[in-house]
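Undergrad: dropping a prediction and its sequence here:
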Amino acid sequence: VMASFTAFWAAVALRLPDAPFKLDAKGIALFALIGVAGAVATPLAGRWGDRGFARPMLIGSHLLIIASLALCAWAGVLESRMGALVVLSVGSILLDLGITTDQTLGRRAVNLLRPEARGRINGLFVALFFIGGTVGAAAASAAWSFGGWTAVCAVAAAFGILGLITDLATRTGSE
């Protein structure tokens, strides 16, 4: 799902200067601060994961990612500047909550695998996240060139769908 995150955030700065958003460089920088809101999910996801809710939380996080990207795509076609900014802001916050929940539960899971190998496993986990991020940014670039903002949101949502399929086809998040 890191590909969803980077696909969205790599392309949103390209979309925000245009109608209906019409943000300048300062407005885009302020909009990027919305991403901080996702950090509130970390302690909650970890706590609920420890209580045995990792699997439903993972499924929920992937559904949230998909829904949030639908909101973000919708924001791009609204005519009202304020309405579009509010919808895009809500979508961005929900996306970051879903991504942060997924990452927190993923890190929790790998740390429980083999405590004596925690450092190596965390290193691999982070490396895979960066590879996912690279794939997402590259996919966003291609999607932007092919179909603009809506295509970017669709590609980012597709990565969330892959996460959901993984959840449903495996025992991901099971204790």
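TA: Here it is on my side, so go on.
Undergrad: lowest-scoring secondary structure element of this structure by mean pLDDT?
TA: Ranked by mean pLDDT, DSSP states H and E, the weakest helix or strand in the chain is helix 41-48, scoring a mean of 90.
Undergrad: how far does that one sit from its chain's centre?
TA: Distance of helix 41-48 from its chain centroid, counting by Cα atoms, centre = their mean, to the nearest Å, is 16 Å.
Undergrad: show me what it is packed against.
TA: helix 54-75, helix 81-113 (3 or more Cβ pairs under 8 Å, 6 or more residues apart in numbering; DSSP states H and E). Using the backbone N, CA and C atoms, a C-beta is placed for each residue, glycine as well.
Undergrad: the ones you listed: which one's closest to residue 21?
TA: The closest of those to residue 21 is helix 81-113. By Cβ to Cβ, the value is 5.9 Å.
Undergrad: what's the following helix or strand after the closest one?
TA: Per DSSP states H and E, the first helix or strand lying C-terminal to helix 81-113 is helix 118-169.
Undergrad: which other helices and strands contact that next one?
TA: Checked by 3+ Cβ pairs under 8 Å, 6+ apart, helix 118-169 has helix 2-15, helix 54-75, helix 81-113 packed alongside it.
Undergrad: that one: how far from the chain's middle?
TA: Remark: helix 118-169 is offset 8 Å from the chain centroid, using Cα atoms, centre = their mean.
Undergrad: how close does the nearest residue to residue 76 once chain neighbours are set aside sit to residue 59?
TA: What sits nearest to residue 76 in space, not counting adjacent residues and going by Cβ to Cβ, 6 or more residues apart in numbering, is residue 149, at 4.4 Å. Separation of residue 149 from residue 59 (Cβ to Cβ, to the nearest Å) stands at 27 Å.
Undergrad: give me the more crowded residue out of those two.
TA: Neighbour totals were compared for residue 149 and residue 59, and residue 149 leads with 21 against 16 (other Cβ atoms under 10 Å).
Undergrad: how about low-confidence regions in this protein?
TA: For the chain, the stretches with pLDDT under 70 are 174-175.
Undergrad: OK, contacts around the closest residue to residue 118 other than its chain neighbours?
TA: Distances taken as Cβ to Cβ, 6+ apart place residue 111 nearest to residue 118, at 5.6 Å, with adjacent residues excluded. Contacts were defined as Cβ atoms under 8 Å, 6 or more residues apart in numbering; by that measure residue 111 touches 118, 121-122.
Undergrad: now those residues as JSON lines including distance to residue 80 and neighbour count?
TA: Shown next, in JSON lines, are the contacts of residue 111 (distance: Cβ to Cβ, whole Å; neighbours: other Cβ atoms under 10 Å):
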{"residue": "118", "distance to residue 80": "49", "neighbour count": "13"}
{"residue": "121", "distance to residue 80": "47", "neighbour count": "18"}
{"residue": "122", "distance to residue 80": "45", "neighbour count": "13"}
